[in-house]
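Visitor: Curious how this folds, go ahead:
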Amino acid sequence: MDFKSRLLGRLRAHGAALESRQCFVGFDGFVDTIVSAVDTRAGQGENFTPFAGIADFGRRIVDAAGKSTNIELFPRLDKLGGNGPIMAGALAALGARVTCVGAFGQAPGHPVFAELGRRARLVSLCEPARTAAVEFADGKLMLGMMRSLDEITPAAIAAALGGKGYGDAVAAADLAVLANWTMIPNMTAIYADLTGRVLPAGPRRPGRIFFFDLADPEKRSREDLNGALAAIAGFAPFGRVTLGLNLREGQQVCSALGLDAEAETADGLQAMAAKILKRLGLATVVIHPRESAACATGDGAWWVPGPFTANPLITTGAGDHFNAGFAAGQLLGLDPEGCLGFGVSTSGHYVRTGQSPSRADLEDFLVAWA
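Guide: Just a heads-up that it's a prediction; the model follows:
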């Protein structure tokens, strides 16, 4: 029996338990406009040829040096964005009970968050940031305007949740997700506030899961990244700490820690996860490139292939859906291989449909994939 069949059995037998699991997710929020970059246009509307890939798009930009150029971005749709809200929506779709704190705008919030608001409790801190997500066949470019995220501070979170609300919300959580360190300038301070003030005042819950997503730290300094990684390691006394990384993030973390990166192979991904785990002293490190995923814990390392498709309907948010699936597997007590399978299946369904899957959707997906 392969991991897909084992996962399908566990999902059918135990998936409903997610409905009793409490999740606390923070702290970003974006309005994402998904766009195509126009290479040549033959007429109005969608009568155009998009750039074939990022390299072609890059050459057009480089060729404009010393001159100028005009590149059209054709809007496809506006959607909810941000690592926290996307992951929160995916967890809620799987049945978990979710409180999401982030940048949603003044009540009742921006319309793109309305559906999430029907599935989860939302607490807004400030206006949402905005991103033009330029999608290509071989990747995407996220062009962000995120000045409003400067307003996300420990004091702002405490004020928005009111009184003991911050501590109570975290204390009640079986899973606490702290997403998008890169784009929230005060996130390391938020980590320190949690481990220095909020968590020590609440009940000890060794089984609580903390899940961290850095969100492409390339633009942050090595010193800042090392400070964040040290702060993440500081959560270990309060629960089980998971660091979720895509391939590029894994390489960046290895570089910051002075570790050699590994090849994008099953063995290489497992070795990379294991080295980061050992250096930081975490419970779990996950690395998920587009075609597979690997993780390491104190008991060893695992790898699973993913249901890769060369023609995804959407890619923005795929990593957040993987993270949601992996964390949902942890909430259900699945073994590491099962958590990886839950992650790649959740992401695989999303990139094909553009929708966060329910548990029934995942069962159908696994049956078709198997």
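Visitor: Show me what the lengthiest strand in the chain pairs with in its sheet, parallel or antiparallel.
Guide: Criterion DSSP state E: the longest strand present in the chain is strand 30-41. Using DSSP bridges, strand 30-41 pairs in its sheet with strand 48-50 (antiparallel), strand 73-81 (antiparallel), strand 129-136 (parallel).
Visitor: for those, which one ends up most surrounded?
Guide: strand 129-136 (a mean of 20; mean count of other CB atoms under 10 Å). C-beta: built from backbone N, CA, C; applies to glycine.
Visitor: Mean pLDDT and distance to D216 for the strands paired with strand 30-41 - can I get that in JSON lines?
Guide: Below are these laid out as JSON lines (pLDDT from 0 to 100; distance: least, CB to CB, whole Å):
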{"stretch": "strand 48-50", "mean pLDDT": "97", "distance to D216": "23"}
{"stretch": "strand 73-81", "mean pLDDT": "92", "distance to D216": "14"}
{"stretch": "strand 129-136", "mean pLDDT": "92", "distance to D216": "12"}
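Visitor: May I see the buried residues of the longest strand of the chain?
Guide: By neighbour count with 16 or more other CB atoms under 10 Å, strand 30-41 contains the buried residues 30-38.
Visitor: pLDDT below threshold where in the chain?
Guide: Filtered on pLDDT under 70, the chain yields the residue ranges 1.
Visitor: tell me the centre residue of the protein?
Guide: D320 (3.1 Å; CA atoms, centre = their mean).
Visitor: Grab the two from the buried residues of strand 30-41 that are most spread out in space.
Guide: Maximum pairwise distance in those, criterion CB to CB, is 23.1 Å, between F30 and V38.
Visitor: In the protein, spot the helix with the most residues.
Guide: Ranked by residue count, the top helix of the chain under DSSP state H comes out as helix 336-353.
Visitor: so where do the helices sit in the protein?
Guide: 3-14, 54-63, 83-93, 114-119, 154-161, 165-172, 187-193, 222-233, 247-257, 266-280, 318-331, 336-353, 359-369.
Visitor: possible to save these as CSV with distance to T131?
Guide: Formatted as CSV, the helices of the chain follow (distance: least, CB to CB, whole Å):
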stretch, distance to T131
helix 3-14, 32
helix 54-63, 16
helix 83-93, 11
helix 114-119, 16
helix 154-161, 21
helix 165-172, 27
helix 187-193, 18
helix 222-233, 21
helix 247-257, 18
helix 266-280, 27
helix 318-331, 13
helix 336-353, 18
helix 359-369, 26
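Visitor: To P312, which of the ones you listed lies closest?
Guide: Proximity to P312 (CB to CB) singles out helix 336-353 among those, at 3.9 Å.
Visitor: other SSEs contacting the closest one?
Guide: helix 3-14, strand 284-287, strand 292-297, strand 300-305, helix 318-331, helix 359-369 (3 or more CB pairs under 8 Å, 6 or more residues apart in numbering; DSSP states H and E).
Visitor: so what's V112 closest to, chain neighbours aside?
Guide: With sequence-adjacent residues excluded and distances taken as CB to CB, 6 or more residues apart in numbering, V112 is closest to L80, at 4.6 Å.
Visitor: for I232, same thing?
Guide: Per CB to CB, 6+ apart, closest to I232 is F212, 5.2 Å.
Visitor: who does the one you found bridge with?
Guide: Those that pair with F212 in a beta bridge, by DSSP bridges, are L178, L243.
Visitor: mind checking how far it is from G244?
Guide: From F212 over to G244 the distance is 7 Å, taken as CB to CB, to the nearest Å.
Visitor: which of the two has more neighbours?
Guide: G244 (30 against 25; other CB atoms under 10 Å).
Visitor: I'd say the more buried one and A215 touch.
Guide: No. G244 is not in contact with A215 according to CB atoms under 8 Å; the separation is 10.0 Å.
Visitor: is it true that G250 touches M272?
Guide: Yes. G250 lies in contact with M272 (CB under 8 Å); the separation is 5.4 Å.
Visitor: Please identify every residue contacting each of these two.
Guide: 261, 287 (CB atoms under 8 Å, 6 or more residues apart in numbering).
Visitor: what angle sits between the longest strand of the chain and helix 83-93?
Guide: Inter-element angle recorded for strand 30-41 and helix 83-93: 100 degrees (by axes from the mean of the first three to the mean of the last three CA atoms, to 10 degrees).
Visitor: what does strand 30-41 contact?
Guide: In contact with strand 30-41 (CB under 8 Å, 6+ apart) are residues 47-52, 56-57, 60, 71-82, 85, 103, 110, 112, 128-136, 144, 146, 314, 316.
Visitor: Swap in 7 Å and give it another go.
Guide: 47-51, 57, 71-79, 81-82, 110, 112, 128-135, 314, 316 (CB atoms under 7 Å, 6 or more residues apart in numbering).
Visitor: Mind exporting the C-alpha coordinates of that strand to CSV?
Guide: Output of strand 30-41 as CSV, limited to C-alpha atoms (Å, rounded to 0.1, in the frame of the first residue of the first chain):
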residue,chain,number,x,y,z
PHE,A,30,-3.3,41.3,0.7
VAL,A,31,-5.5,42.0,-2.2
ASP,A,32,-3.9,40.0,-5.0
THR,A,33,-4.6,40.9,-8.6
ILE,A,34,-3.6,38.0,-10.8
VAL,A,35,-2.3,39.3,-14.1
SER,A,36,-0.7,38.0,-17.4
ALA,A,37,2.2,39.9,-18.9
VAL,A,38,1.4,40.7,-22.6
ASP,A,39,4.1,39.9,-25.1
THR,A,40,2.2,40.7,-28.3
ARG,A,41,-1.3,42.0,-28.7
